[in-house]
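Asker: what follows is a predicted protein model with its sequence.
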Amino acid sequence: MSLERQVRAKLASKRDPQQDQEAQEWIETILGAKFPPGEAYEDVIRDGTVLCQVINKLAPGSIPKINTSGGQFKMMENINNFQAAVKAYGVADIDVFQTVDLWEKKDIAQITNTLFALGRETYRHPEWVGPYLGPKPSAENKRDFTDEQLKAGQNIIGLQAGQNKGATQAGQNIGAGRKIILGK
């Protein structure tokens, strides 16, 4: 099998059709319109116009001009604008896909992961009332302990410290002992 075919097979194995479907339904709910029947999920979002519309619904005015016609560079500009707007919305840079992943359909799983990261980020924006995509991120649960409580905790040996009630391996012989014979 050639290297290119191996890489394609690996990328295809990362893809989860159920997650693609969830992301598609989330986009359709936000935009209030269904994807054209018979068209693949990646084909509909490939030019970036749908993605730009989604981020404009989440954060109005994020992308002032969406290119609907023009050459491939105009469509790739849509994708770049979406990426910049998503980062500004709060999605971590590491969660954002590369332009070629979508334009050349190289890694659709990464596009879906970016949409899930965007969906999780919507939980942190109180102005957005839903729908949401993915699990809700955990909130900080900061605790303040008194000095007395901290000192009391220093005297306790937790079970995570490896306490085994004095058990050792002393006296255990399994199999023959090691014999070193010199002089042969």
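Answerer: Great, that's in hand.
Asker: hey, where'd the helices end up in the chain?
Answerer: Per DSSP state H, the chain carries helices over the ranges 3-14, 17-31, 41-45, 49-58, 72-89, 99-103, 108-121, 147-154.
Asker: list just the one of those helices that sits closest to E140.
Answerer: helix 108-121 (15.6 Å; Cβ to Cβ). C-beta coordinates here come from the backbone N, C-alpha and C atoms, glycine included.
Asker: for that closest one, packing partners?
Answerer: helix 17-31, helix 41-45, helix 49-58, helix 72-89, helix 99-103 (3 or more Cβ pairs under 8 Å, 6 or more residues apart in numbering; DSSP states H and E).
Asker: I figured L31 hits L58, correct?
Answerer: No: with contact defined as Cβ atoms under 8 Å, L31 does not count as touching L58 (11.0 Å).
Asker: which one's more surrounded, these two?
Answerer: L58 (19 against 14; other Cβ atoms under 10 Å).
Asker: residues in contact with the most centrally placed residue in the chain?
Answerer: Centroid-nearest residue in the chain: N113, 4.7 Å away (criterion: Cα atoms, centre = their mean). Counting by Cβ atoms under 8 Å, 6 or more residues apart in numbering, N113 touches D95, F97.
Asker: and it, how close does it get to K179?
Answerer: 57 Å (Cβ to Cβ, to the nearest Å).
Asker: and K74, by the same measure?
Answerer: Taking Cβ to Cβ as the measure, K74 and K179 are separated by 79 Å.
Asker: and those two? Which one has more around it.
Answerer: Neighbours were tallied for K74 and for K179 using other Cβ under 10 Å; the higher tally belongs to K74 (14 against 5).
Asker: tell me who's in contact with that one.
Answerer: Counting by Cβ under 8 Å, 6+ apart, K74 has contacts N67.
Asker: same thing with I66?
Answerer: Contacts for I66 (Cβ under 8 Å, 6+ apart) come out as G48, T49, C52, Q53, N56, N78, N81.
Asker: what about G153, neighbour count?
Answerer: By other Cβ under 10 Å, the residues close to G153 number 10.
Asker: next: D20.
Answerer: So D20, with other Cβ under 10 Å, has 18 neighbours.
Asker: mind checking pLDDT for it?
Answerer: Note for D20: predicted pLDDT of 89.
Asker: correct me if wrong: it contacts T112.
Answerer: Yes: look at D20 against T112 with Cβ under 8 Å: they come within range, at 5.4 Å.
Asker: pLDDT score assigned to N67?
Answerer: Confidence for N67, expressed as pLDDT, is 86.
Asker: and it, how far is that from N141?
Answerer: 44 Å.
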